[in-house]
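J.: mind looking at a prediction? Sequence and model below.
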Amino acid sequence: MTDPRLGLTVTHQRYVPYSHAHYGGSLVDGAYVLGLFGDVATEVCIRADGDEGLFASYSDVQFLAPVRAGDVLAVSATVTKVGTRSRQLSFEARVLCRARPDRGPSAAAALPEPIIAVTAAGTVVVPAA
């Protein structure tokens with residue numbers, strides 16, 4: 001019997017404000033995306049188990065492409081394994097839109113193909129049923 005929570009996916013979309021740029025080229029630090037992963041993990045726990053749960057650990061994090069202020073991100077979490085109290089999740093952050101300062105101070109464009117910027121795997125825990 002397959003657990004109905006397996007494959008549950010939650011996606012949030014978020015504009016990355018310029019106040020989060022920490023480095024030259026309007027780069028945003030990796031911790032910003034990890035915080036977004038925590039937000040989608042919380043919603044997964046609420047939908048799957050009726051509790052906000054707690055993030056226990058990351059088993060893998062891969063920073064694959066830069067995240068910049070002015071980006072629009074789609075951040076997803078998917079349940080990949082269900083234990084008694086633990087849930088293993090896979091995460092992905094994709095850049096959907098990006099600022100185009102070369103075209104003007106407020107110019108931006110939707111990307112023809114999303115850029116996978118960060119992936120991760122992690123574990124959350126929820127109270128016993």
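T.: Happy to help now that I have it.

J.: so which residues of the protein form strands?
T.: For the chain, applying DSSP state E gives strands covering 9-15, 21-23, 27-28, 54-63, 72-82, 86-99, 108-125.

J.: which one, of those, ends up nearest to Thr2?
T.: For Thr2, the closest of the strands of the chain is strand 72-82, at 9.5 Å, according to Cβ to Cβ. All C-beta spots, glycine's among them, are computed from the backbone N, C-alpha and C.

J.: what does the closest one rub up against?
T.: With contact meaning Cβ atoms under 8 Å, 6 or more residues apart in numbering, strand 72-82 is reached by 3, 5-16, 33, 36-37, 39-41, 43-44, 48, 67, 87-98, 114, 117, 121.

J.: take the strands of the chain and write them to a markdown table, including mean pLDDT and mean neighbour count.
T.: Listed next are the strands of the chain as a markdown table, based on pLDDT from 0 to 100; neighbours: other Cβ atoms under 10 Å:
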| stretch | mean pLDDT | mean neighbour count |
| --- | --- | --- |
| strand 9-15 | 98 | 15 |
| strand 21-23 | 92 | 13 |
| strand 27-28 | 96 | 18 |
| strand 54-63 | 97 | 13 |
| strand 72-82 | 98 | 19 |
| strand 86-99 | 97 | 21 |
| strand 108-125 | 98 | 16 |
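
J.: so what's the nearest residue to Ser19 once chain neighbours are set aside scoring on pLDDT?
T.: Distances taken as Cβ to Cβ, 6 or more residues apart in numbering place Ala69 nearest to Ser19, at 7.8 Å, with adjacent residues excluded. pLDDT, Ala69: 96.
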